[in-house]
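Colleague: Show me how the following folds:
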Amino acid sequence: MRNWTIAGTLTVEAAAQRPDLLAEPVAKALAGIEADAGVVEIDPELADTAAFCEAYESPMSASANCVVVAGKRAGEVRYAAALILATTRADVNGVIKRRLDVRKASFAPMDEAVELTGMAYGGITPVGLPGDWPILIDKAVADSPELVIGSGIRGSKLLVTGQLLSSLPGAEVIEGLAKAVG
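Modeller: A predicted model of the protein is given here:
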């Protein structure tokens with residue numbers, strides 16, 4: 001297993017060896033691909049990105065957040081996942097709205113996102129999402145050599161490469177998916 005430089009004070013284990021630290025759909029998806037993915041166990045109370053980075057000395061610039069976005073077209077709800085660096089904000093009503101071909105896009109309600117993904121809110125990750133969802137990945141994420149992302153539960157985080165995320169089924173790398181915060 002690779003030496004993850006972004007793990008901070010945490011001990012990294014091979015994700016394939018610790019399915020107990022992954023939501024079921026995440027463990028199934030990782031089992032189906034040849035992936036050099038690490039997993040770290042964390043305090044679930046520190047799962048939110050800023051708290052995680054501070055507590056475990058992991059750089060915020062290496063964290064990526066996954067958001068579930070929904071929009072309607074002709075009565076049909078269309079979902080997508082967007083993966084952006086934690087230091088940016090997803091362009092929901094520009095790039096994502098156009099990609100979904102809907103009049104209005106917004107973050108999916110928490111209970112809906114949890115039910116549809118089989119993952120915990122605050123731990124939703126692009127690995128293991130429903131197969132018909134597009135996974136929209138900001139180019140900065142795709143270009144990252146190391147990233148911390150959710151594991152599907154709040155008690156751990158996955159360590160992956162942008163290349164792995166870009167190779168997921170349904171993944172689309174999009175320049176300008178995210179905007180700088182501020």
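Colleague: drop to CA atoms for contacts and neighbour counts, all remaining ones
Modeller: Fine.
Colleague: Name the residue most distant from the centre of the protein?
Modeller: Residue farthest from the centre of the chain, counting by CA atoms, centre = their mean, is A74 at 28.4 Å.
Colleague: and it, how far is that from L30?
Modeller: 35 Å (CA to CA, to the nearest Å).
Colleague: Next, the contact list for R73, please.
Modeller: Contacts for R73 (CA atoms under 8 Å, 6 or more residues apart in numbering) come out as D101, V102, R103.
Colleague: now the helices for this structure?
Modeller: Taking DSSP state H, the helices of the chain run over residues 24-31, 49-56, 97-100, 110-117, 139-142, 162-166.
Colleague: Let me know which of these is the nearest to R154.
Modeller: Taking CA to CA, helix 49-56 is the member of these nearest to R154, at 10.6 Å.
Colleague: hmm, back to that, turn the helices of the chain into a markdown table, including distance to N3 and mean pLDDT.
Modeller: Output for the helices of the chain, formatted as a markdown table (distance: least, CA to CA, whole Å; pLDDT from 0 to 100):
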| stretch | distance to N3 | mean pLDDT |
| --- | --- | --- |
| helix 24-31 | 19 | 94 |
| helix 49-56 | 16 | 96 |
| helix 97-100 | 36 | 96 |
| helix 110-117 | 30 | 97 |
| helix 139-142 | 19 | 98 |
| helix 162-166 | 16 | 96 |
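Colleague: export those helices to JSON lines and tack on mean neighbour count and distance to L85?
Modeller: Below are these laid out as JSON lines (neighbours: other CA atoms under 10 Å; distance: least, CA to CA, whole Å):
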{"stretch": "helix 24-31", "mean neighbour count": "18", "distance to L85": "20"}
{"stretch": "helix 49-56", "mean neighbour count": "17", "distance to L85": "11"}
{"stretch": "helix 97-100", "mean neighbour count": "16", "distance to L85": "19"}
{"stretch": "helix 110-117", "mean neighbour count": "14", "distance to L85": "20"}
{"stretch": "helix 139-142", "mean neighbour count": "22", "distance to L85": "6"}
{"stretch": "helix 162-166", "mean neighbour count": "19", "distance to L85": "11"}
